[in-house]
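**Q** Mind looking at a prediction? Sequence and model below.
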Amino acid sequence: MGLDLSIGDDLRGRVRVAWSLIDGVAVRAESAELVAEIEEHARDVRSRFGGGPSGDVPGAADARDLYKAVGLDPTKTRPSNEALLRRVLKGEALYRVNTLVDALNLASLRHQLPFGLYDADRLRPPVVLRRGRDGEGYEGIRKARVNVDGRPVLVDQEGPFGNPTSDSARAMITLDTRRALVVAYAPAGCATPRLQRVIEETESLLVRHCGGQAVERALVPA
């Protein structure tokens, strides 16, 4: 199945995304090798940036620029990458979910962009990134309803399922996931070479820890 992902008129010129569809993944509950890689990166981040504000970490400004461009205050509604970064800077361990989610969190820390990760078999394309409408929302992962009114949100034929801050239970990754959609959110001014590198390196990381292969990839707008 080919994936059709576009940006709605209400966000065009404000947002870019890079996405990849990875087929044949084998998600495990945990991996000692992956945990060690995450902990090594966390130590490196703390040694270089510990004691300073998260916004000063190289690359973090891009996610903040994205939120400002869509009318959100990034100090009140944290991009998912900065929420992870703040935990690391405080010396707190990242939540462990499963190997695919944990590897994606490592990619988000490395590249300092918010990502979404979705079970592609639970989606009904086409997919559009647009602003949420009045009353729209979804059941969050391990949390109450996520309201997306006025916020950037990915929507398929069944409705909203993810945004740069918090994803939905409907499309969440489980141990049964076999096809994964990875989405990196960026401001419109994010350079194409950087965004291309982000999605390619993220694919490589996820495939290394979870198997499978990337079967589709795109930057939107190209």
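**A** Okay, I see it.
**Q** I'd like to know how far the residue lying farthest from the centre of the chain sits from Ala63.
**A** The outermost residue of the chain relative to its centre, with distances by C-alpha atoms, centre = their mean, is Gly51 at 25.6 Å. Separation of Gly51 from Ala63 (C-beta to C-beta, to the nearest Å) stands at 21 Å. For the C-beta atoms, the positions are set from N, CA and C on the backbone; glycine is no exception.
**Q** Please apply the same query to Arg28.
**A** The span separating Arg28 from Ala63 equals 29 Å under the rule C-beta to C-beta.
**Q** Neighbour count for the two, which is higher?
**A** The neighbour comparison of Arg28 against Ala63 (other C-beta atoms under 10 Å) goes to Ala63, with 27 against 15.
**Q** nearest spatial neighbour of that one, skipping sequence neighbours?
**A** Ranked by C-beta to C-beta, 6 or more residues apart in numbering and with sequence neighbours excluded, the top spatial neighbour of Ala63 is Pro79, at 3.9 Å.
**Q** quick one, what contacts the one you found?
**A** Residues in contact with Pro79 (C-beta atoms under 8 Å, 6 or more residues apart in numbering) are Ala63, Arg64, Leu66, Tyr67, Leu113, Pro114, Pro164, Thr165.
**Q** need the strands for the protein, in chain order.
**A** Remark: strands assigned in the chain by DSSP state E are 5-7, 15-23, 115-119, 127-131, 137-139, 145-147, 152-156, 159-162, 179-187, 213-220.
**Q** closest to Asp56 out of these?
**A** Asp56 lies closest to strand 179-187 among those, at 17.9 Å (C-beta to C-beta).
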